[in-house]
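Novice: Based on what follows, work out the 3D shape:
(2 chains)
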There are 2 protein chains.
Amino acid sequence: MPLSKAREMMNEALKLAQAAAAQGEVPVGAIVVKDGVIIGRGANRPLEHHDPTAHAEILAIRAAAAHLGNDRLTGCDLWVTLEPCAMCAGAIAHSRIARLYYGAEDPKGGAVAHGPRLFEQPTVHHRPEIYSGISADESAELLQAFFKDRR
Amino acid sequence: MPLSKAREMMNEALKLAQAAAAQGEVPVGAIVVKDGVIIGRGANRPLEHHDPTAHAEILAIRAAAAHLGNDRLTGCDLWVTLEPCAMCAGAIAHSRIARLYYGAEDPKGGAVAHGPRLFEQPTVHHRPEIYSGISADESAELLQAFFKDRR
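Specialist: Model (predicted):
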């Protein structure tokens, strides 16, 4: 995939991250794509939904699975602005997402390239292809601005 | 807590595991308890809900958080018949569950005493008190019977 196309896809996730920030939520956004079409969107919403599991990735995965009428997202891609946490990485494995594209690294909460490195665990049931660093600056800037405003 | 009381609580989760099996789902059940009152129930339902995140723990946590109108389950206990996976252990950390009680061990999919051992990771944001082995035989028998029937 050309970088321009990858940035275009990640831009859709960044719009959802901006929407999360506008609601006072940590700005993370995610989309699930199948055959080039967005079939699930998620903007981080734990506070508004009163739901600790309402991370962008979980919401996008649930929407995509509901759309397909299937608990497996075989052949689908997940685009997310921030490195997924353990909960979301686990959901990615359960849903059989084929390719994971993420933006900024998350050394404190991430579970893909940091912490438990879930997809490197011998017991993981499914390991997607992983591409990182796409529009990472834009994603990190959104997060930094959000936390700066809250201080 | 006396063992008889612990088995009584786990029995409520086992009933939900049986309900999951009756629907053709892997038999795992979970409850969230606050001040001795059950405020969230979950029976494993990924197939029926077309939702890869619909594990018993996630459903119980989401129900409890909706009940409290809060994304944090401070002071709450989670009782689940099987050792949680990485997704569910991550959700337990996000929800700030105070005490985790589980039944059978899950060497293949578990992420508490096996695999990534999520609560032993230095980057984990919250670590509950953990008690295991409660009614473990009943829980394991349900799972064994379920998988034997499907062969």
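
Novice: surely residue A:75 meets residue A:32?
Specialist: No: here residue A:75 lies out of contact with residue A:32, judged by C-beta atoms under 8 Å, at a distance of 10.8 Å. Placement of C-beta: from N, CA and C, glycine included.

Novice: With neighbour numbers in mind, choose between these two.
Specialist: Taking neighbours as other C-beta atoms under 10 Å in any protein chain shown, residue A:75 and residue A:32 compare with residue A:32 leading, 28 against 11.

Novice: name the helices or strands packed onto the strand or helix carrying that one?
Specialist: Using DSSP states H and E, residue A:32 falls within strand A:29-34. Here strand A:29-34 touches helix A:3-22, strand A:37-43, helix A:56-68, strand A:77-82, going by 3 or more C-beta pairs under 8 Å, 6 or more residues apart in numbering or on different chains; DSSP states H and E.

Novice: How about the spatially most central residue of chain A, nearest residue that isn't a chain neighbour?
Specialist: Central residue check for chain A by C-alpha atoms, centre = their mean: the C-alpha nearest the mean position is that of residue A:80, 2.9 Å away. Nearest non-adjacent residue to residue A:80, counting by C-beta to C-beta, 6 or more residues apart in numbering or on different chains: residue A:30, 4.0 Å away.

Novice: residues contacting the one you found?
Specialist: Contact partners of residue A:30, counting by C-beta atoms under 8 Å, 6 or more residues apart in numbering or on different chains, are A:13, A:16, A:41, A:42, A:56, A:57, A:59, A:60, A:78, A:79, A:80, A:81.

Novice: Could you pull up the contacting residues of residue A:116?
Specialist: Residue A:116 makes contacts with A:86, B:86, B:111, B:116, B:117, B:118, B:121, B:123, as judged by C-beta under 8 Å, 6+ apart.

Novice: I meant to write residue A:76 there.
Specialist: Contacts for residue A:76 (C-beta under 8 Å, 6+ apart) come out as A:32, A:33, A:34, A:39, A:64, A:95, A:97, A:98.

Novice: so residue A:97 sits right up against residue A:73, yeah?
Specialist: Yes: between residue A:97 and residue A:73 there is a contact under C-beta under 8 Å: 5.4 Å.

Novice: Can I get the strand holding residue A:32 in PDB? Just the C-alpha atoms.
Specialist: Below are the C-alpha coordinates for strand A:29-34, written out as PDB (Å, rounded to 0.1, in the frame of the first residue of the first chain):
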ATOM      1  CA  GLY A  29     -10.100   6.700  17.000                       C
ATOM      2  CA  ALA A  30     -10.300   3.400  15.000                       C
ATOM      3  CA  ILE A  31     -11.900   2.000  11.900                       C
ATOM      4  CA  VAL A  32     -12.400  -1.600  10.600                       C
ATOM      5  CA  VAL A  33     -12.000  -1.900   6.800                       C
ATOM      6  CA  LYS A  34     -13.000  -4.800   4.600                       C
END
